[in-house]
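**Student:** Pasted the sequence and its predicted model underneath.
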Amino acid sequence: MQLRYNYRAYPDAAQRRALAQAFGCARVVWNDCLRDRRQAHAAGLPYVTSAELSRLRITQAKRTEERAWLGDVSAVVLQQSLRDLDTAYQNFFDSLKGKRQGRKVGPPRYKSKKDTRQSIRLNTNAFSLQAGGTVYVAKVGNLKVTWSRRLPVAPTSLTVTQDSCGRYFLSFVVDTEPDILPGLQTDAGLDLGLSAFAVLSDGRRIDSPRFLR
């Protein structure tokens, strides 16, 4: 079972510039790869594979003058952007075939630097938890984090996000086993109220937490 834990991050000025560059590079790789697949589809050509896009739009692109700055960010950021595009396409295809439950999913769209949410995704090769409570992100540095709760196990991936208000968040994905409570042979009735949060059928009262106060 996968769980997601979100925390507020406070990058300094240099780290904010590095993150902005990473957001931009991930967005460019996404758009370049999406454009290649759309053009191939319009021309009646076969679906462009991820391996071909990785070679053209990441490896070879870094050697060109107009895309040389892709080498300034972690390669993991660029590869994960392509993988996320693959996932978006797979969700779209599954939705068309009826294999995906829930609402219909549209095809991937181009990303813009004017979008309200900017993000990059990293695997364990590009981030690590530091002893001092910071989180190291490759080519960005050690980010200061407010830990509102502890992670139950080591995370498997990290998404760094900037929202429309300019705030930064770290979202960790962890793999855990479900916490199954032991079964009981007793029944209980609950009466929810205002003065008491709940009254059990055996007479026990649970006080209201009064969060707003």
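**Tutor:** Noted; the coordinates are in hand. Predicted, not measured: the structure shown is a model, and the values here were computed from it.
**Student:** Tell me how many other residues crowd residue 27.
**Tutor:** By the measure other Cβ atoms under 10 Å, the count of residues near residue 27 is 19. Any C-beta I mention is one placed from the backbone N, CA and C, and that applies to glycine too.
**Student:** which residue packs closest to it, ignoring adjacent ones?
**Tutor:** Leaving aside its sequence neighbours, residue 27 sits nearest to residue 111 (Cβ to Cβ, 6 or more residues apart in numbering; 4.6 Å).
**Student:** Assign a three-state SS to that neighbour, would you?
**Tutor:** coil (DSSP: H, G, I helix; E, B strand; the rest coil).
**Student:** Show me which residues of stretch 11-30 are buried.
**Tutor:** Of all the residues in stretch 11-30, those buried under the rule 16 or more other Cβ atoms under 10 Å are 11, 15, 18-19, 21-30.
**Student:** Would you state the strands of the chain in chain order?
**Tutor:** Secondary structure of the chain by DSSP state E: the strands cover 2-10, 118-123, 127-129, 135-137, 141-146, 157-162, 168-175, 190-192, 196-200, 205-207.
**Student:** Surely the residue nearest to residue 27 and residue 31 touch.
**Tutor:** Yes: using Cβ atoms under 8 Å, residue 111 makes contact with residue 31 at a distance of 6.0 Å.
**Student:** neighbour count winner among the two?
**Tutor:** residue 111 (21 against 18).
**Student:** Which residue lies nearest the spatial centre of the protein?
**Tutor:** What sits nearest the mean C-alpha location of the chain, by Cα atoms, centre = their mean, is residue 159, with 3.9 Å.
**Student:** can you pull the contacts of it?
**Tutor:** Applying Cβ atoms under 8 Å, 6 or more residues apart in numbering to residue 159 gives the contacts 119-122, 170-171, 173.
**Student:** coming back round to it: for the residue nearest to residue 27, what are its contacts?
**Tutor:** Counting by Cβ under 8 Å, 6+ apart, residue 111 touches 27, 30-31.
**Student:** export those to JSON lines and tack on distance to residue 115 and pLDDT?
**Tutor:** Below are the contacts of residue 111 laid out as JSON lines (distance: Cβ to Cβ, whole Å; pLDDT from 0 to 100):
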{"residue": "27", "distance to residue 115": "8", "pLDDT": "98"}
{"residue": "30", "distance to residue 115": "11", "pLDDT": "98"}
{"residue": "31", "distance to residue 115": "12", "pLDDT": "98"}
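**Student:** Out of those residues, which sit inside helices?
**Tutor:** 27, 30-31 (DSSP state H).
**Student:** Dump the residues you listed into JSON lines; add distance to residue 59 as well.
**Tutor:** What follows is the ones in helices among the contacts of residue 111, written out as JSON lines (distance: Cβ to Cβ, whole Å):
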{"residue": "27", "distance to residue 59": "18"}
{"residue": "30", "distance to residue 59": "16"}
{"residue": "31", "distance to residue 59": "17"}
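**Student:** for these, which one is nearest residue 141?
**Tutor:** residue 27 (21.0 Å; Cβ to Cβ).
**Student:** pretty sure that closest one contacts residue 109?
**Tutor:** No: Residue 27 is beyond contact range of residue 109, at 11.8 Å (criterion: Cβ under 8 Å).
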